[in-house]
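Colleague: model this:
(one chain, ligands or ions: 1)
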Amino acid sequence: MKYFKQFFRRHRGRAVLAALLLLGQVMGTLLIPALIADVVDRGILRGNMDAILRTGVQMLVVAVLASAVAAWGSWVTSDLSALFGREMRSKLLRKSQELSIQQFGAVGVSSMITRSTSDITNLQQTLGMMLQMAVPAPIIVAASTVMTAMVSPVMALIQVGFMAVLLIAAGVVLKKSNALSRSIQVRLDRINRVLREAITGARVIRAFGNEAYEEERSGGAYESYADNMIRLNKLFAVFIPVVWLLMGALIAVVLGIGGALTLGGTMEVGQITAVTEYSTLTMAYLIMAASAMTTLPKARACLDRLQELLDMQSAVADTAAVPAEPVHTAAVVEFDHVTFSYPGAEEPVLRDLSFTMYPGQTTAVIGSTGSGKSTLADLLLRLHDVGDGRIRLGGVDVRQLSQTELRGAIGCVPQKAFLFSGTIADNLRMGRPDASDGELWEALRVAQAEDFVRRLPQGLGAPVSQGGANFSGGQRQRLSIARALVKRADVFLFDDSFSALDVKTDAALRRALRRSVTAPAKLIIAQRVSTILDADQILVLDEGRLAGAGTHSELLEHCPIYRAIAESQMNRKEA
Ligand SMILES: Nc1ncnc2c1ncn2[C@@H]1O[C@H](COP(=O)(O)OP(=O)(O)OP(=O)(O)O)[C@@H](O)[C@H]1O
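Modeller: Take a look at the predicted model:
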């Protein structure tokens, strides 16, 4: 609930206005039955035309004012609930950027999407319904009961009796629907997950002829969601007619007893009309409140899921401590006896790893698959924190730098080249929004992407579809390299970024990099020896340990693992 409290505290002015408008609407609603009683008893029954006209005009004014206030109130409450949705979505997006990669993975992309869409939409709708339907209900019910009691205490008691039955029935339904609502949101997560996989993996599914299995899997997810929804709807299918039955019965009782009291001379006809109106109002508002309340269990489940995410403390947080004194060094990056294990893993992925990178130098990392190369890159970006040892950037422990400062100094080309929907220029300017067109073309030239971008009719303005799906794997990689180069960085990190390039383009790109990117340090993670032949130092990783370090020729001579990798690639070429 704290997010609701914080929201209303922040938007106190609008909340007070909404409350005042609701009060105005309630007062208007309550005045009408009293005026009806007046027009019947003093006007119609006594044949007093003046009274009929006067009260009629009063009724018209009250009705018009109450409707105008109700419309304004509706607008303010809808605005408030839309604002709540927008703020929650921004909070969630910010949190998803703060969480460590592992925490993000634990929540899951599908659940993240359900939370930002369906969960927040549910909360938004519930907030709107509660403000418009549930909040006025207690005032209307209390005032109607008091007004009825003033006319006839017996009638008021009957009303209270019916209300009690309605509230008990609503309580039972709410309790039962609580658990169901929770499980419905979890099932929605599952549908999202299955659908996402079926859509993003459509090519693989078709290639393996797996359509039938996927259909069965998604069918299962839909069925289990539908089962729970049907059970929930059955509950309301019983509840709603019960409510109407109670309403009808109350009016019948009011008319019956009211008729008897009128015949006995203790009640006037107009008063029966007023009591009937108050009873109808009471029950109608209780029904509206109950239907708003029926959305509460689902909203509660949604709120819990959002709160769970928003309250998560990022495993990689900026430190509040005073930055430690930097070590004076010419090195750009230093790995100092770094050891790292993934949570729950028995063995460290990287052990006692030390190396230094200097400005203008190229450091390459090679090793078998799973040897820890990408983990090393993630540690430099501080996507995880080291277990033992330390990593320094410009002599400062990366944990003492803000994440923005740290990542601002690194131009990164991730293993999976991902582009965002928009234009080529939008993508290239991600790291430096003020880069000129000339600088974008220069980055494209170094990344060997200039030719194909120039051939596109819209050039830098050419559209990029989601994930960069309208470009080939090699084109995506080159655009993602250009995107990193546009950024002014102290270190460039290429995580297996040349693998989709043919050998000729790979060589041309490295030549251009050597010539044009001279000051920053470069860290190249590679699979192919040919990619790293001319690196200033090559690190050979073997099961997370440094098995060798040196230039290509030094390693060929002294490092059996490197020699084996080089020979296996040479043999493959000759074969
Ligand atoms: N998020 C994770 N949680 C747990 N273990 C992980 C995680 N990411 C990687 N690993 C494990 O850490 C080890 C090293 O993975 P890493 O991705 O760093 O290897 P790599 O050398 O880059 O491999 P490749 O060349 O195939 O990309 C692997 O055994 C992998 O299973």
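Colleague: use CA for all of it now, contacts and neighbours both
Modeller: OK.
Colleague: Would you map the strands across this structure?
Modeller: When secondary structure is read from DSSP state E, the chain shows strands at 333-340, 350-357, 362-367, 388-393, 396-397, 410-413, 422-423, 463-464, 491-495, 521-525, 537-542, 545-550.
Colleague: Between those, which one is closest to Ala143.
Modeller: For the strands of the chain, distance to Ala143 was read as C-alpha to C-alpha. The smallest value, 57.4 Å, belongs to strand 422-423.
Colleague: Return the residues in contact with the residue in the stretch 1-150 of the chain positioned nearest to the ligand.
Modeller: Closest residue of the stretch 1-150 of the chain to the ligand, C-alpha to the nearest ligand atom: Gln102 (5.8 Å). The contact partners of Gln102, taken as C-alpha atoms under 8 Å, 6 or more residues apart in numbering, number zero.
Colleague: How many neighbouring residues does the nearest residue to Ala179 once chain neighbours are set aside have?
Modeller: Leaving aside its chain neighbours, Ala179 sits nearest to Pro297 (7.8 Å; criterion: C-alpha to C-alpha, 6 or more residues apart in numbering). Using other C-alpha atoms under 10 Å, Pro297 is surrounded by 19 other residues.
Colleague: mind checking how far Pro297 is from the ligand?
Modeller: Shown here: Pro297 relative to the ligand, a distance of 35 Å by C-alpha to the nearest ligand atom, to the nearest Å.
Colleague: What score does Ala68 have for pLDDT?
Modeller: Looking at Ala68, its pLDDT reads 93.
Colleague: what's the answer for Trp441, then?
Modeller: The predicted local distance difference test score for Trp441 is 94.
Colleague: What distance do you get for the closest residue in space to it that isn't next to it in sequence to Ala82?
Modeller: On the basis of C-alpha to C-alpha, 6+ apart, the spatially nearest residue to Trp441 that is not a chain neighbour turns out to be Glu450, at 6.6 Å. Taking C-alpha to C-alpha, to the nearest Å as the measure, Glu450 and Ala82 are separated by 45 Å.
Colleague: Show me where the stretch 101-250 of the chain has its helices.
Modeller: 101-107, 109-114, 120-129, 136-151, 153-200, 202-207, 211-263 (DSSP state H, counting those that start in this stretch).
Colleague: Can you say which of the ones you listed is packed in most?
Modeller: Each of the helices of the stretch 101-250 of the chain was assessed for mean neighbour count using mean count of other C-alpha atoms under 10 Å. The highest is helix 120-129, with a mean of 22.
Colleague: what packs against that one?
Modeller: Under the contact criterion of 3 or more C-alpha pairs under 8 Å, 6 or more residues apart in numbering; DSSP states H and E, the helices and strands touching helix 120-129 comprise helix 49-98, helix 296-310.
Colleague: do that again at 6 Å, thanks
Modeller: Identification of packing neighbours for helix 120-129 by 3 or more C-alpha pairs under 6 Å, 6 or more residues apart in numbering; DSSP states H and E yields helix 49-98.
Colleague: what's the angle between the helix it packs on and helix 296-310?
Modeller: What separates the directions of helix 49-98 and helix 296-310 is an angle of 30 degrees, with axes from the mean of the first three to the mean of the last three C-alpha atoms, to 10 degrees.
Colleague: Helix 49-98 to helix 120-129, inter-axis angle?
Modeller: An angle of 160 degrees separates the directions of helix 49-98 and helix 120-129 when computed by the same axes, to 10 degrees.
Colleague: how far does helix 49-98 sit from the chain's center?
Modeller: 28 Å (C-alpha atoms, centre = their mean, to the nearest Å).
Colleague: Run through the bridge partners of Gly550.
Modeller: Beta-bridge pairing of Gly550 under DSSP bridges involves Ile538.
Colleague: isn't it right next to Asp536, touching?
Modeller: No: under the contact definition of C-alpha atoms under 6 Å, Gly550 does not touch Asp536, with a separation of 7.7 Å.
Colleague: Give me the common contacts of those two.
Modeller: Common neighbours of Gly550 and Asp536, using C-alpha atoms under 6 Å, 6 or more residues apart in numbering, do not exist here.
Colleague: Contact residues of the stretch 451-575 of the chain facing the ligand?
Modeller: The stretch 451-575 of the chain comes close to the ligand at no residue, as judged by C-alpha under 6 Å from any ligand atom.
Colleague: Which residue is the nearest non-sequential neighbour of the residue in the stretch 451-575 of the chain positioned nearest to the ligand?
Modeller: Of all residues in the stretch 451-575 of the chain, Gln527 sits closest to the ligand, at 6.9 Å by C-alpha to the nearest ligand atom. The shortest distance from Gln527 to any residue that is not its chain neighbour, by C-alpha to C-alpha, 6+ apart, is 6.1 Å, and that residue is Ile366.
Colleague: now Gln403
Modeller: Closest residue in space to Gln403, ignoring its immediate chain neighbours: Asp318 at 6.4 Å, by C-alpha to C-alpha, 6+ apart.
Colleague: So the one you found versus Leu406, what's the distance?
Modeller: Looking at Asp318 against Leu406, where the rule is C-alpha to C-alpha, the gap reads 11 Å.
Colleague: go on, Tyr562?
Modeller: Computed with C-alpha to C-alpha, the distance linking Tyr562 and Leu406 is 32 Å.
Colleague: Likewise for Ser553?
Modeller: Between Ser553 and Leu406 the computed distance is 34 Å (C-alpha to C-alpha).
Colleague: Tell me which of these two has more neighbours.
Modeller: It is Leu406, of Ser553 and Leu406, that has more neighbours when counted by other C-alpha under 10 Å, with 16 against 12.
Colleague: got the helices of the stretch 101-250 of the chain as CSV, with mean pLDDT columns?
Modeller: Formatted as CSV, the entries for these read as follows, by pLDDT from 0 to 100:
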stretch, mean pLDDT
helix 101-107, 80
helix 109-114, 82
helix 120-129, 90
helix 136-151, 86
helix 153-200, 84
helix 202-207, 82
helix 211-263, 87
